[in-house]
Every structure is written in structure tokens, then in C-alpha cells.
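> I'll drop the sequence and a predicted model, then ask my questions.
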Amino acid sequence: EKAADEMVRLAVEKKKAEYRNSAAQDEMQNLIRNANLLDQKVSDYKINSTFETASGTTNVEIQKSGARTVLIAVAVGVAVVIILIAYLVLR
């Protein structure tokens, strides 16, 4: 009975981690879309966001102060985090 309970607990935890990973990916994509919209409309902005991921909490900051390089660097960083999370959840 204890082994069966543990198997159920592990399955539930895996499902929760998959949900957090999926939700974090969606939120990060929305953040990037919003930053792209701001990029077209204003010259200076700063966005801070926190995501609850499968492996913990991820903080993201996007800032534009006349240089597009910051947005690209953050987008690459977000992509790396998403890939890492997916790897951890699906292994």
C-alpha cells in the first residue's frame, strides 16, 4: 500500500511540474510579446517578471534604453531557461 501511495504521489508531482512548466512557458511567451509591442511604441521601458517553474522561481528583467541588444539577450536567456525546465521535467 505504501509503495502504491508513493507511486501516486510521484505521478501527481510530475503532473504538477509539467503544469508549472507549461504555464511558465506561456507566461514567458506573453512577456516577450509584450516587450516586442513596447519596443515598437516607446524608446525606454523596463519589465520585471517572476515565473513559477518546475524547478523553482525564475526572475526575468527586460529593459530597453535605446539598445535592442538587451531585449535579444533576455529573449535568449528565457529560451535557455525554457529548454532547461523542459529537460528537467521530461527526463
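Done, it's in. Not measured: the values here are computed from a predicted model.
> SS state for the residue nearest the centre of the chain?
Central residue of the chain (Cα atoms, centre = their mean): A24, 4.2 Å from the mean position. Assigned by DSSP: H, G, I helix; E, B strand; the rest coil, the conformation of A24 is helix.
> which ones are touching it?
Contact partners of A24, counting by Cβ atoms under 8 Å, 6 or more residues apart in numbering, are F51, E52, T53, A54, T58, I82, I85. Placement of C-beta: from N, CA and C, glycine included.
> could you redo the last one with a cut-off of 6 Å?
By Cβ atoms under 6 Å, 6 or more residues apart in numbering, the contact set of A24 is F51, T53.
> And it, how far from T57?
10 Å (Cβ to Cβ, to the nearest Å).
> can you check K2 too?
Separation of K2 from T57 (Cβ to Cβ) stands at 32 Å.
> Give me the more crowded residue out of these two.
T57 (9 against 6; other Cβ atoms under 10 Å).
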